[in-house]
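# need coordinates for the below:
(chains A and B)
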Number of protein chains: 2
Amino acid sequence: MSFTLKKGFTFGGWLPAIVPDQELDNHEFINHSLAKSEEEFLFNAFLESMKNTSIANPNPSVGCVIVKNNKVISSGCTEIWGGRHAERVAVDLFQNTDLLLGTQVYVTLEPCTHFGRQPPCIDLFKDKGIQKVVVGCLDPNPVMKQRGLEILKSWGLGTYNPVLANEIKAWNYPFFVQLQQKRIFIALKWAQSLDGCLADDNNGWQWISNIKSRHYAHWLRQKYDAILVGIGTVLNDFPSLNVRHPDIQQARNPLKVIYDPEGKIFHVQQHEQNKLIEKTLSSSNSTIILINDSALKFAKESPSVWIKKLFNDKKYCFITLNNNHKMSPGESIVNALSSQLVSDVLGRPVQSIMVEGGPRLLSAFIDNELFDVAHIFIAPFFLGGSKNRIFSTAKRSLNRCLLRQVSTASRFSLAVQERLGDDTLIEILKK
Amino acid sequence: MSFTLKKGFTFGGWLPAIVPDQELDNHEFINHSLAKSEEEFLFNAFLESMKNTSIANPNPSVGCVIVKNNKVISSGCTEIWGGRHAERVAVDLFQNTDLLLGTQVYVTLEPCTHFGRQPPCIDLFKDKGIQKVVVGCLDPNPVMKQRGLEILKSWGLGTYNPVLANEIKAWNYPFFVQLQQKRIFIALKWAQSLDGCLADDNNGWQWISNIKSRHYAHWLRQKYDAILVGIGTVLNDFPSLNVRHPDIQQARNPLKVIYDPEGKIFHVQQHEQNKLIEKTLSSSNSTIILINDSALKFAKESPSVWIKKLFNDKKYCFITLNNNHKMSPGESIVNALSSQLVSDVLGRPVQSIMVEGGPRLLSAFIDNELFDVAHIFIAPFFLGGSKNRIFSTAKRSLNRCLLRQVSTASRFSLAVQERLGDDTLIEILKK
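Model (predicted):
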């Protein structure tokens, strides 16, 4: 897929709503749309859709606003999975549906026409004296065949305004990809210097990117269902892998997934055990550790107190990787995460993962072109060194071959390019 | 210096005027300014200043428009060095200065008050019945102390409108830097993959960046006085180092400068000699070859026909590098290019150079923070390999040490960030 978002929009949504002090005047959309009411109200519905971010997963996060006399009189965002859809939330705010008379409804995604965990939204709008229902993006579900919009049209209500269709699709991209490709959505995320380094050669733990970039990165963490890191990164940085964003109130923390095929976590020193318990393995969200069958077997027979502690704590779950050698590391990871066990731990189906590092694990996914979007923060400085470069041949263990020729290398499409202070945010897609 | 340009503006000027098919709707300035006439006419003056790009060097390229009844009735751009300034060009279009009655003048840079190669521009506006003279940017010359604007104000004419002051400064940045720092302005330019590679490990000659980026790069070539490349790049790519841009009519080609301390050019094979003559050493603009004293001495005693040919052709000029070992490669290069001999070859003082490669030479300039602006094109793909990475430690011969720590590495400021198709253009400055 290849599409470009309007200035100010990212795969995390409308940037000025995520990052404080983001310069608004660089974003022509809002400046230009204010005079055009249909666009303005769709934009309002879009902002509404960002309010309950991630809690609706694996449902899309939809926004709905109801307008009367050119003013928003009600709005709603899809609730937690199994809960009400955006349209119902907005309509339920009225004690009496007679109040819908003479209103216009703006909804980011085509309303559903089928019974799922909720009755169909489309019926909310029938025979209520509504003037029009403006749909911002069509349902990607091939079974639907745009039935929602067609029925609305047959009632004289439906209009499709695609002005923000790509932006809505990007905001709900895991939903779109999973529906169409029947697999877990994969996002990559890293911050790099201009010369492609994710850290310096000392592995000293320091932020590469600035506070605005980190703010957006935390926003992404709660957008995806699971965060994946390699054991090398864990034992170097001891990342907390939780969401630390002052404006996020009701998000769920993502599942933590550690890729540790050889079971290095079993052999860490006492001081590392303490740090693990305090940092990466702490907090209420669960941890999945992906491991080879042989390493797991070995550990199960070990008398180590540390290993027994890991096995006995319900917060940690070991899942074995498929040892089919034809599978790339990325494929075996995605395969392992697709199991029912992981969904049980998460409490809902795993729709998306975000790979956060380190450089070798990220490079393995790039090498196989096994990603749907890469969120890349580029900070304006140079580090040199080779140990922590993205796509570096210096440490190849995970990767078949990281050498490309200019003439044959896959080029990705640039969907988003935004300034975050002195950092540059790039979001690329497979073409 | 640290400043940020408005969307759509670069150190090469207004991007949609340089790159064909550049999306205009991403640029809020022009959309927003059209209603505000003072900004609009300053923008017109800015576009006018881009018309004679580079031919005015080392003078600034100034633009001037004269407006009557809200319409531009005359305009001008600074002519070739020694020729008329923009204000005079615009005024000279009138056969009778009575026609200036009731006009407004918009000029990008503060008009001069002194006799140089031309009489002072300021006198053009005295007692002509002009309503106002709007100045877009103050003269950086400390001797001037804003006298031009003050005199205009004392005549009841002068207004300073800084809406495009940074953009005008960026367009004339070599002029500003040379005036304030008394040295040659240094620009760096390269195109890289996301992982910092300027070429693949095969050194196969292929474009990294797309056609829009290359278009802008050629525009930059005629903006600067000289283009610098290392002999490695010359013998690998045989670059023409001239300006190939369909819209550039009257530009001068830059001086070609080859950094070849050890005199590798003397020892090339027959087929390379032919390629050199055909490509890099061809065309009307002269070539400067920077070389160590010892290598030059050796060559002067050589009986080689090729070497004699190089020495006898007036198009090539060998200049020796200072062998002060305390100087970095970049410093010795700038030192050598500051000589009167180089200005004589160019036909005017050398105000600016652009370093185009290869990676080691560019990294040497970055290593010493010896640059004023770096124009970086980032293409959305990955190459791997290590031979042609920017700031790579793999080949260190030119560089003292290319290892940095995140906590202490110099961070540059992001002045420009623009989309060029799927490429990202970044222009960074020293803070």
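# next structured bit after the worst-scoring helix or strand of chain A on mean pLDDT?
None of the helices or strands of chain A scores lower by mean pLDDT, DSSP states H and E than helix A:28-33, at a mean of 52. Per DSSP states H and E, helix A:28-33 leads on to helix A:37-49 as the next helix or strand towards the C-terminus.
# now check that following helix, is it near chain B?
No - Helix A:37-49 stays clear of chain B (Cβ under 8 Å from any Cβ of the partner chain), getting no nearer than 13.7 Å. Where C-beta positions appear, they are placed from N, C-alpha and C, glycine not excepted.
# what comes up buried for the helix or strand just after that helix?
As assigned by DSSP H and E, the chain's next helix or strand after helix A:37-49 is strand A:63-68. Neighbour counts using 16 or more other Cβ atoms under 10 Å in any protein chain shown place A:63, A:64, A:65, A:66, A:67 of strand A:63-68 among the buried residues.
# now stretch A:315-332
Buried residues in stretch A:315-332, counting neighbours by 16+ other Cβ under 10 Å, are found at A:316, A:317, A:318, A:319, A:320, A:321, A:328, A:329, A:330, A:331, A:332.
# would you mind measuring from the residue of chain A most remote from its centre to residue B:336?
Relative to the centre of chain A, the most outlying C-alpha is that of residue A:303, 39.6 Å out, by Cα atoms, centre = their mean. Residue A:303 sits 71 Å away from residue B:336, going by Cβ to Cβ, to the nearest Å.
# before we move on, what about residue A:348?
From residue A:348 to residue B:336 the distance is 67 Å (Cβ to Cβ).
# pull out the CA atoms of stretch A:315-323 and give them to me as PDB.
Output of stretch A:315-323 as PDB, limited to C-alpha atoms (Å, rounded to 0.1, in the frame of the first residue of the first chain):
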ATOM      1  CA  LYS A 315       3.100 -12.400  34.900                       C
ATOM      2  CA  TYR A 316       5.700 -14.100  32.700                       C
ATOM      3  CA  CYS A 317       4.800 -16.500  30.000                       C
ATOM      4  CA  PHE A 318       7.300 -18.500  27.900                       C
ATOM      5  CA  ILE A 319       6.400 -19.300  24.400                       C
ATOM      6  CA  THR A 320       8.500 -21.500  22.200                       C
ATOM      7  CA  LEU A 321       9.600 -20.400  18.700                       C
ATOM      8  CA  ASN A 322       8.900 -22.600  15.800                       C
ATOM      9  CA  ASN A 323      12.200 -24.300  14.800                       C
END
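# any idea how far that stretch is from the chain center?
How far stretch A:315-323 lies from its chain's middle: 22 Å, per Cα atoms, centre = their mean, to the nearest Å.
# contacting residues for the residue of the stretch 201-350 of chain A found nearest chain B?
The nearest approach of the stretch 201-350 of chain A to chain B comes at residue A:206, 3.6 Å away (Cβ to the nearest Cβ). Residue A:206 sits next to A:199, A:200, B:405, B:406, B:407 when contact means Cβ atoms under 8 Å, 6 or more residues apart in numbering or on different chains.
# next one: phi and psi at the fourth one?
Going back to what we said before, that points to residue B:406. phi -60, psi -40 (degrees, to the nearest 10).
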